[in-house]
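Q: predicted coordinates and the sequence they were generated for:
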Amino acid sequence: MLDVAVIGAGPCGLAVGVAAKRARLSCSLFDKGPVASSLMRYPLYMTFFSTPDKLEIGVPFVTAGDKPTRREALTYYRKVAEHFELDVRQYHTVSRVTRARDGFELVAQHPGSPEPETVASRHLVFATGYFESPNPLRVPGEDLPHVSHFFVEPHPYWQQRVVVVGGGNSAVEAALELCRIGARVTMVHFLSEFDRGVKPWILPDITNRVKEGRVAVRWCSRVVEIRRSEVIVRRDPDGERETIPADFVLALTGYTADLSLLRSVGVAVDEISGVPRHAPETMETNVPGVYIAGVLASGFDANKIFIENGREHGGRICDHVKSKPPRVAPGG
């Protein structure tokens, strides 16, 4: 039986694994993709805003420039797993978690294995993040092949008509990159201005591109239907509709964590904030032995927790696990 099983092998999940290793706790990490798979969803040429020291987990993060690139971060987190010899079970999808007499059991399936694996652990840590669960538009045509909820690089959109849905950081940064390589960009946003959380050093750039007419914007508008070569937009509050030509649609409307597994084991979630019930000093939830790490603790406001403060959760969790009295065997 493991001391700790971690669901999710992103940076915050790896931080739990490193803390467990240092605390001499047996630990395995399970992820339905590769290590740090959420970073693969970042734009290809992205540079982090955080300095490397704020992204470190246990070993120094050395970069060529002042700020790490996406490629450097992926390399670094692989090296962290190697350096600490973490038991990371990549491409293992956890489908079920149940309580057991001495802790918990989780069922994980690897696509190359004929049967799922059942693993017992005294403690569970959910570090699943939210980047794999984009907020759907829930409109006809959203599942068409030219529609995506992720933006990786601008090259495929050269000289194409692209509708970007959203007004937050992801949408703004995508619109700017698309504009620079010669795409014809139209943004559709339900508010009358860009989101308040847009990075202050990016806001003047997008504002100027809109003024120049290089990026078109439909304010106070919502997409109501996506067709193969056009998007139908409804303007609020009058309800007037407009057809916008579109070769591609990028629905960059944010992400919401999938909490179904967490709820299945009995963890309560605040319906207004989306925050699972937990003690911030230990990260333990209302279910003894079940913890959360990383952005899950921020609920619907994903801008509260990043790698640089989420990486601290591993130490809190393992300190708490280590402080618990040892289990006494029956008759012992």
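A: Done, it's in.
Q: show me where the protein has helices.
A: For the chain, applying DSSP state H gives helices covering 11-22, 37-40, 70-83, 169-180, 203-212, 260-264, 307-310, 313-323.
Q: save those helices as CSV, and put in mean neighbour count too.
A: (Each C-beta comes from the backbone N, C-alpha and C, glycine too.) Below are the helices of the chain laid out as CSV (neighbours: other C-beta atoms under 10 Å):
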stretch, mean neighbour count
helix 11-22, 26
helix 37-40, 19
helix 70-83, 17
helix 169-180, 22
helix 203-212, 14
helix 260-264, 14
helix 307-310, 20
helix 313-323, 20
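Q: show me which strand runs longest in this protein.
A: In the chain, assigned by DSSP state E, the strand with the most residues is strand 117-126.
Q: thinking again about what came up before, and the helices of the chain: which comes nearest Asp238?
A: Taking C-beta to C-beta, helix 203-212 is the member of the helices of the chain nearest to Asp238, at 22.0 Å.
Q: got JSON lines for the helices of the chain, with mean pLDDT too?
A: As requested, the helices of the chain are arranged in JSON lines below (pLDDT from 0 to 100):
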{"stretch": "helix 11-22", "mean pLDDT": "97"}
{"stretch": "helix 37-40", "mean pLDDT": "91"}
{"stretch": "helix 70-83", "mean pLDDT": "97"}
{"stretch": "helix 169-180", "mean pLDDT": "96"}
{"stretch": "helix 203-212", "mean pLDDT": "97"}
{"stretch": "helix 260-264", "mean pLDDT": "96"}
{"stretch": "helix 307-310", "mean pLDDT": "90"}
{"stretch": "helix 313-323", "mean pLDDT": "97"}
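Q: in TSV, list those along with distance to Glu281.
A: Listed next are the helices of the chain as TSV, based on distance: least, C-beta to C-beta, whole Å:
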stretch	distance to Glu281
helix 11-22	15
helix 37-40	26
helix 70-83	25
helix 169-180	30
helix 203-212	36
helix 260-264	20
helix 307-310	14
helix 313-323	7
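Q: before we move on, back to that, list of residues touching the longest strand of the chain?
A: For strand 117-126, the surrounding residues in contact (C-beta atoms under 8 Å, 6 or more residues apart in numbering) are 1-8, 13, 16, 28, 30, 92, 97, 100, 102-110, 261-262, 265, 276, 289-293, 296, 317, 321, 327.
Q: same deal with stretch 74-81?
A: By C-beta under 8 Å, 6+ apart, the residues outside stretch 74-81 that reach it are 9, 11, 14, 17-18, 35-36, 39-40, 55, 57-59, 61, 68, 86, 88.
Q: so Arg263 touches Arg277, yeah?
A: No - using C-beta atoms under 8 Å, Arg263 is not in contact with Arg277; the gap is 11.1 Å.
Q: who touches both of those two?
A: Residues touching both Arg263 and Arg277 by C-beta under 8 Å, 6+ apart: Val269.
Q: if we can go back for a sec, list the buried ones in the longest strand of the chain?
A: Buried positions in strand 117-126, judged by neighbour count with 16 or more other C-beta atoms under 10 Å: Val119, Ser121, Arg122, His123, Leu124, Val125, Phe126.
Q: now Gly58: closest residue in space, sequence neighbours ignored.
A: Computed as C-beta to C-beta, 6 or more residues apart in numbering, the closest residue to Gly58 that is not its neighbour in sequence is Val18, at 4.5 Å.
Q: residues contacting the one you found?
A: Under the criterion of C-beta under 8 Å, 6+ apart, the neighbours of Val18 are Ile57, Gly58, Val80, Phe84, Leu86, Gly314.
Q: pull the residues that contact stretch 51-71.
A: With C-beta under 8 Å, 6+ apart as the contact definition, stretch 51-71 has outside contacts at 11, 14-15, 18, 22, 39, 42-50, 72-73, 76-77, 79-80, 83-84, 307-308, 311, 314.
Q: burial count for Gly289?
A: Neighbour count of Gly289, defined by other C-beta atoms under 10 Å: 19.
Q: for Ser192, same thing?
A: Ser192 has 9 neighbours, counted by other C-beta under 10 Å.
Q: out of the contacts of Val18, who's nearest Asn208?
A: Nearest member of the contacts of Val18 to Asn208, counting by C-beta to C-beta, is Ile57, at 38.1 Å.
Q: any idea how far the closest one is from Asn309?
A: Separation of Ile57 from Asn309 (C-beta to C-beta, to the nearest Å) stands at 13 Å.
Q: and for Leu29?
A: From Leu29 over to Asn309 (counting by C-beta to C-beta), the distance is 20 Å.
Q: which residues touch Val249?
A: Val249 is in contact with Leu144, His146, Val147, Ser148, Val162, Val163, Val165, Val223, Ile226, Val231, counting by C-beta under 8 Å, 6+ apart.
Q: correct me if wrong: the fifth one contacts Phe248.
A: Yes - in terms of C-beta under 8 Å, Val162 counts as a neighbour of Phe248; the distance is 4.9 Å.
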